[in-house]
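[1] Predicted model and sequence follow; I will ask about them next.
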Amino acid sequence: MNRFTLPRDIYHGDSALEALKTLEGKRAMVCVGGGSMKRLGFLDRVISYLKEAGMEVEVFDGIEPDPSVQTVMRGAEAMLRFEPDWIVAIGGGSPIDAAKAMWIKYEYPEVSFEEMCKVFGIPKLRNKAHFCAIPTTSGTATEVTAFAVITDNEKGIKYPLADFEITPDVAIVDPELVKSLPKRIIANTGMDALTHAIEAYVSTANTDFTDPLAMQAIQMVQAYLIPSYNGDMEARERMHNAQCLAGMAFSNALLGITHSMAHKTGAAFADCGAHIVHGAANAMFLPKVIAFNAKDEEAKKRYCEIVERMGACDKFTTSDEKIKALIDFLRAMNDKLDIPHCIKHCGKDCEPVEDGFIPESVFLERVGEIAKNAVADACTGSNPRSINPEQMERLLKCCYYDTEVDF
């Protein structure tokens, strides 16, 4: 038996933010990141709309990129004091993911972070509060997913939380909130969305319900990501919708080892001054993962279907040609978005450089442990081709040096 779960309501398009006026409750805790939402006036609008709905409002701000376990615990303590019946998270993936984890701890104060990480093991929520998510980037789609990613800074590892219980009740996908995004964020989050859609389509958990969402998202990213990156506002709105569709797909079809690798490398080199941004990591790793997965015949077939729907079937006839075309397309996208092809050339802000911030000696010293952690990641189980730690280490090395995957 399969399950397909989405938020109860998804408000989208111009003025969607005003849907906050319709929420019914007494108290709302607004969770937000840095100062951009305040500078741009969106935080004030959120507060105003919630007060118009008759709620008392408190703000928990300062949620950092790649939110930590410590931040989650602080936020949960604030919720326990304020006792909201609505949790409203606004921002990129980080504030929304952090708020999801805070929600669990708020409803179950005795639960440990380790217990929260048990895949599909979270107890029933909504005993105290409902959850509304408002994305301000076009990539993570956490506003419609059953997932959150929290970083354990002591271990340097990102842990995905996975359970349909943390799927938001309400998602507000308002294009106005992404109009002023920096180009670097547009690039990284856009490739994150594309990775979500491709991994969902080839996942072992794909279904008739997820395939149309994944394929539509792929075609929309193909059409709109580069124009959005170059300042086309209509394309920016379509990308905001595309990433949401990709999220609906992967929340139900799950993901694969591109994400496993991104989760386990993102914070692994923080002591070198290097943080591999999640979307950039996916962009770098996805072509290598496709080459690895395409050794599986069913995965190869589904990758070829993607190429055919992207309009390249008239140029390429054999399956191997189609796989190469998909890899070449992704690498060309990275070039157009100024994303490096490998870890070795990844600069401080994930821009391409000749020599990146992660020394070869440090990478080689840590890659074995990273490989073990990646194989154990929650996303590995639905990858179309099984992988062991030795293969994962080889694959990570291909992603460091930008070498061919021949195993």
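    Yep, that arrived.
[2] Quick one: classify the residue most central in space within the chain as helix, strand or coil.
    By Cα atoms, centre = their mean, the chain has its centre lying nearest to Thr140, at 3.2 Å. Under DSSP: H, G, I helix; E, B strand; the rest coil, the three-state class of Thr140 is coil.
[3] what is the rounded mean pLDDT of stretch 246-258?
    For stretch 246-258, mean pLDDT is 97.
[4] for stretch 87-101, same thing?
    Across stretch 87-101, pLDDT averages out at 97.
[5] measure the residue nearest to the centre of the chain to Cys244 for me?
    To Cys244, Thr140 is 10 Å away according to Cβ to Cβ, to the nearest Å. C-beta here means a position set from N, CA and C on the backbone, and glycine is covered the same way.
[6] which stretches of the protein have low pLDDT?
    312-314 (pLDDT under 70).
[7] Just give me the neighbour total for Gly190.
    28 (other Cβ atoms under 10 Å).
[8] which residues touch it?
    For Gly190, the contact set (Cβ atoms under 8 Å, 6 or more residues apart in numbering) comprises Ser138, Gly139, Val221, Leu225, Ser228, Tyr229, Met239, Gln243, Gly279, Leu337.
[9] I'd like the distance between the fourth one and Met102.
    Pointing back at Leu225 there. 32 Å.
[10] mind giving me the domain split of this structure?
    By the assignment in automatic domain parsing, the chain contains the domains 9-178, 183-401.
[11] Throw the ones you listed into a markdown table and include distance to Arg3, thanks.
    As requested, these are exported to a markdown table (distance: least, Cβ to Cβ, whole Å):
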| stretch | distance to Arg3 |
| --- | --- |
| domain 9-178 | 7 |
| domain 183-401 | 7 |
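[12] Then Val149 would be within a strand, right?
    Yes - assessed by three-state DSSP, Val149 belongs to a strand.
[13] Could you give the number of residues near it?
    Residues within reach of Val149, counting by other Cβ under 10 Å, total 24.
[14] Wait, it touches Ala98, no?
    No - with contact defined as Cβ atoms under 8 Å, Val149 does not reach Ala98; the gap is 9.5 Å.
[15] re the thing from before, residues touching the residue nearest to the centre of the chain, list them.
    Thr140 sits in contact with Gly92, Gly93, Ile96, Asp97, Thr189, Asp192, Gln243, Gly247, His278, where contact means Cβ under 8 Å, 6+ apart.
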